[in-house]
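*Asks:* Provide a 3D model corresponding to the input given below.
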Amino acid sequence: MSGKRQAEGSQLSGPDRKRARMREQRTIGVQGHPPAQGGSSASGNAALPPTIDVDKFANTRLFEINSLQTAMRNAKAAGTVRAFQSLPRSLRRRAASHNIRRLPVRLRAKAKTETPPDAAQPKKRSRKMVGRKLTARSKLSRVARLLKRQIKKAWLETHIWHAKRMHMKNIWGHRLAEKPTEKSHRSSYRAALHGALVHDASYFQYLQLTGSEANLSVMLEALCDKDGPNCPTSKRFTTGSRECHTCLYHPKYVASVVPSTPAPYRSLIGPVTIIWKPLPEAEPNPQQTELRDTPNLPRPPPARTLLVRLHPSLCEAALQAVEIAQGFAISRGMEPLPDGFGLSSRVRVDRLYKKLLTFEVMGRRATEVVKAVLKPTPGNSKVAHEAWKSLSTSAGPGSVPAGMIVGLQVYDPRLSFPPKLSHSEPPAGTSAVRPSAPTATMTQFWESINEPTKKPKFRKSELDARRSNLLVPGTKLQALQQDDRIPLLLSQRTLSQSPNSSTPDDFHGWTLTIPAGWGMAFWSSLVHCTPRIAGLTARSQTYFESGTPRFPEDYPGTIGFDIYEAEREAEDKGFWERRPPAKRTNFDKVGTGDPFRANFSRIVKRWVGREVNLVWVMDSAEVMKFVKRRREKVTGSEKTETASEEEKGRYDGALVRVRLTPCGRGAPEELGLIYQLEDSQRKEVGERVQREKRGQTGKGSLLDRDGPFRVPLPTPKDVIGRITTGSFSLKQGRGSAMGAIPLSCFLSLTSGGSPNSSPSRRPLVAFRNRDSEIFRPATLELLL
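*Replies:* Predicted structure coming up:
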């Protein structure tokens with residue numbers, strides 16, 4: 001019987017190839033050179049120097065030292081790490097494991113030794129394979145092909161960069177990045193709290209309102225809550241030194257405009273950010289200068305301008321609300337502007353579509369990243385330069401007052417690419433930065449809004465050609481007179497669980513607002529500073545960890561929530577229907593009604609006892625005022641009680657946002673159900689929770705690991721709300737959730753106590769995830 005067939009030619013077996021590869025990785029290279037004349041071999045040791053210059057000796061043997069280190073490194077990783085695994089995760093590609101051409105050139109030689117000779121080779125793309133499609137596409141330019149793909153959805157300026165590295169999603173009329181292709185849940189949270197997290201939020205829309213300050217104030221009072229903590233017409237914001245984060249309401253439902261309306265604040269549009277243009281000090285109004293010699297003409301009011309940054313799903317509703325607010329404001333005495341002052345109407349409204357870009361940088365290192373990318377020009381004001389120098393990279397954006405705006409004019413960031421991170425501290429004796437109108441003034445930025453979109457004067461290739469002519473490689477390019485200067489607004493942003501107070505665990509960052517056309521120029525420098533890149537998922541996670549409601553997920557009753565819920569229902573239901581019956585949750589058996597949408601109208605109808613036309617979210621400040629008024633009317637006269645009954649009908653469709661904190665194990669999930677407990681159930685479960693905290697749980701306990709309840713379980717009639725956002729909180733180390741319940745139910749749960757009392761006195765409820773049969777206890781509090 002003959003033995004095994006030997007390998008043909010020079011083909012080696014698997015073990016032989018492995019031995020050859022290990023032998024090659026352990027070979028130390030030697031520098032070849034002709035032998036020196038004479039030397040110690042000929043004349044003994046008499047010619048050796050008495051001392052050795054270490055630097056000269058190390059430079060002479062530099063090649064051997066590098067070869068030794070390289071050989072040690074290669075020998076260590078030869079048998080454990082393949083060529084594509086030596087790359088960082090951000091540079092790996094899915095096909096790199098079997099396609100050598102997907103690897104960098106420096107790693108292809110090593111990859112060839114790891115690839116067996118009979119491995120499948122990638123097919124070459126040919127015209128015959130593509131067919132007529134390649135011929136038709138060749139007639140269009142690259143720009144035309146890219147524009148053709150944006151017919152039904154808009155692309156951001158950084159779309160191509162994101163599409164190579166992240167999962168994309170069609171939403172809100174845009175093609176946006178949802179999440180990275182690599183694992184990033186925990187790392188994104190750590191970056192948002194301790195590092196830097198960058199997000200391209202250029203899909204947010206802007207509205208520009210121009211008119212006199214009195215007319216704008218009348219309109220904003222008709223659109224916003226003038227009695228709230230963040231009133232956009234207060235002097236805190238009208239100076240332009242801070243940005244105002246408030247909510248926009250439909251004007252016909254605001255009680256301050258129409259006192260006879262049956263339901264104040266019931267038509268919430270959504271959250272917006274308002275930025276006033278500062279009035280320059282000691283700068284005369286040109287209209288007043290022309291008319292100072294004509295006393296017969298009326299003195300024109302100073303024209304003011306403000307920006308409204310809002311979610312893309314709110315733009316149409318906001319435009320309609322502004323038009324209605326103008327009608328209400330005119331009826332309340334809005335004065336028309338005199339003819340000839342450049343304003344054809346009382347308040348001019350412009351939609352700035354693709355005029356401005358927005359970048360968000362969150363985290364403790366956000367100031368360090370921003371200072372590395374932005375290089376202010378000498379043309380900035382002295383106040384702006386002092387404010388810029390006073391920013392501390394070690395303290396981060398949390399040391400800056402909330403909402404503060406800094407107006408800057410910076411050089412093209414490509415001139416100083418790559419940016420260099422530095423831990424610079426403000427000079428000794430520098431005073432703390434304070435919000436002021438001169439600090440936020442940047443006239444060129446507001447002028448660029450009304451001008452046509454300008455692209456950079458020089459392409460990246462032209463700047464690279466200038467850089468190649470430098471004598472010293474790696475030197476930064478010096479800005480020339482013809483180089484661009486870009487005006488921008490830098491505003492501080494804080495995400496806090498308590499809007500009116502600050503805690504050490506809050507999330508702080510910066511928001512960059514720049515003119516359109518400069519997206520990739522700034523984005524490349526921001527990304528080069530080694531932050532984490534955030535998509536929609538990571539941005540929502542940051543809001544969840546900070547305890548801040550996110551739009552539109554946590555704003556039921558708004559137009560944005562309805563659009564989001566319809567898209568979520570179609571996606572979740574389609575995924576559920578594609579799975580086989582044996583591998584999907586039987587929601588009928590579990591007892592979950594409406595498993596794919598939060599049907600708050602059905603919950604309100606069950607609780608109130610009648611059909612409700614409109615479900616709306618009530619602001620937390622208004623809830624506190626309502627509770628105070630209700631308690632004052634408890635001991636009132638019969639007339640007051642009658643008024644209370646009439647008032648009760650106004651708030652039947654009102655919802656209250658609440659925060660849910662589990663008392664033990666369990667993490668609430670999105671679309672989970674919130675149940676009320678009977679008095680006996682609440683008492684028994686409360687005693688069990690207290691015993692668990694003291695470590696006194698016994699054998700006959702009311703709660704256990706498999707089934708928390710041994711009391712009578714809640715029924716579907718006990719459902720009082722749904723969970724809008726829920727997960728395991730990395731910040732708290734336990735489950736947490738945000739949801740909504742009817743106002744009347746919240747009042748009954750908190751009767752006799754404060755809406756936000758101590759954790760031990762908060763109302764006790766139960767929750768259940770939509771795909772589970774396990775009920776778990778949790779405490780409930782008002783979401784501020």
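*Asks:* could you pull out the helices for the stretch 201-350 of the chain?
*Replies:* Ranges of helices within the stretch 201-350 of the chain are 213-223, 235-238, 286-290, 315-331, based on DSSP state H, counting those that start in this stretch.
*Asks:* hey, least reliable of those helices by pLDDT?
*Replies:* The weakest mean pLDDT among the helices of the stretch 201-350 of the chain belongs to helix 286-290, with a mean of 50.
*Asks:* just to revisit the earlier point, could I get the helices of the stretch 201-350 of the chain as TSV with mean neighbour count and distance to residue 523?
*Replies:* C-betas here are computed from N, CA, C, even on glycine. As requested, those are arranged in TSV below (neighbours: other CB atoms under 10 Å; distance: least, CB to CB, whole Å):
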stretch	mean neighbour count	distance to residue 523
helix 213-223	23	33
helix 235-238	17	29
helix 286-290	11	38
helix 315-331	17	24
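*Asks:* which stretch among those helices comes nearest residue 470?
*Replies:* For residue 470, the closest of the helices of the stretch 201-350 of the chain is helix 286-290, at 45.1 Å, according to CB to CB.
*Asks:* I'd say residue 594 and residue 603 touch.
*Replies:* No. Using CB atoms under 8 Å, residue 594 is not in contact with residue 603; the gap is 9.4 Å.
*Asks:* contacts only, for the closest residue to residue 242 other than its chain neighbours.
*Replies:* Leaving out its chain neighbours, the residue that sits closest to residue 242 by CB to CB, 6 or more residues apart in numbering is residue 403, at 3.9 Å. Contacts for residue 403 (CB atoms under 8 Å, 6 or more residues apart in numbering) come out as 242-245, 435, 491-494.
*Asks:* from these, which land in strands?
*Replies:* The members of those that map onto strands under DSSP state E are 244-245, 491-494.
*Asks:* top of these by neighbour count?
*Replies:* Tallying neighbours with other CB atoms under 10 Å puts residue 492 at the head of these, with 25 neighbours.
*Asks:* for that residue, give the beta-bridge partners.
*Replies:* With DSSP bridges applied, residue 492 shows beta-bridge pairing to residue 510.
*Asks:* that older thread, residue 594 and residue 603 - which one has more neighbours?
*Replies:* Using other CB under 10 Å as the criterion, residue 594 and residue 603 rank with residue 603 on top: 24 against 16.
*Asks:* please give me every residue in contact with the more buried one.
*Replies:* With contact set as CB under 8 Å, 6+ apart, residue 603 has these partners: 719-722, 741-742.
*Asks:* test for you: state the pLDDT assigned to residue 582.
*Replies:* pLDDT, residue 582: 92.
*Asks:* next one: residue 338
*Replies:* On the pLDDT scale, residue 338 is placed at 45.
*Asks:* measure the closest residue to residue 156 other than its chain neighbours to residue 353 for me?
*Replies:* Once flanking residues are discounted, residue 156 sits nearest to residue 202: 5.0 Å by CB to CB, 6+ apart. As judged by CB to CB, to the nearest Å, residue 202 and residue 353 stand 11 Å apart.
*Asks:* those two: who's more crowded?
*Replies:* With neighbours defined as other CB under 10 Å, residue 202 and residue 353 compare such that residue 202 has more, 23 against 12.
*Asks:* what's the single longest helix found in the chain packed up against?
*Replies:* In the chain, with assignment by DSSP state H, the single longest helix is helix 559-578. Judged by 3 or more CB pairs under 8 Å, 6 or more residues apart in numbering; DSSP states H and E, the packing partners of helix 559-578 are strand 268-276.
*Asks:* let me see the mean pLDDT of the strand it packs on.
*Replies:* For strand 268-276, mean pLDDT rounds to 92.
*Asks:* and the residue nearest the centre of the protein?
*Replies:* By CA atoms, centre = their mean, the chain has its centre lying nearest to residue 539, at 3.2 Å.
*Asks:* which SS class is that residue?
*Replies:* Using DSSP: H, G, I helix; E, B strand; the rest coil, the structure places residue 539 in helix.
*Asks:* leaving out sequence neighbours, find the closest residue to it.
*Replies:* Leaving aside its chain neighbours, residue 539 sits nearest to residue 199 (5.3 Å; criterion: CB to CB, 6+ apart).
*Asks:* my read is that neighbour is in a strand, agree?
*Replies:* Yes. Counting by three-state DSSP, residue 199 falls inside a strand.
*Asks:* do I have it right that it meets residue 531?
*Replies:* No. Counting by CB under 8 Å, residue 531 is not a contact partner of residue 199; they are 9.7 Å apart.
*Asks:* which stretches of the stretch 251-400 of the chain have low pLDDT?
*Replies:* Along the stretch 251-400 of the chain, the parts satisfying pLDDT under 70 run over 252-266, 281-301, 329-345.
*Asks:* can you show me the strands along it?
*Replies:* In the stretch 251-400 of the chain, the segments counted as strands under DSSP state E, counting those that start in this stretch are 268-276, 303-310, 347-351, 356-362.
*Asks:* in CSV: these, plus mean neighbour count.
*Replies:* Formatted as CSV, the strands of the stretch 251-400 of the chain follow (neighbours: other CB atoms under 10 Å):
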stretch, mean neighbour count
strand 268-276, 23
strand 303-310, 21
strand 347-351, 16
strand 356-362, 23
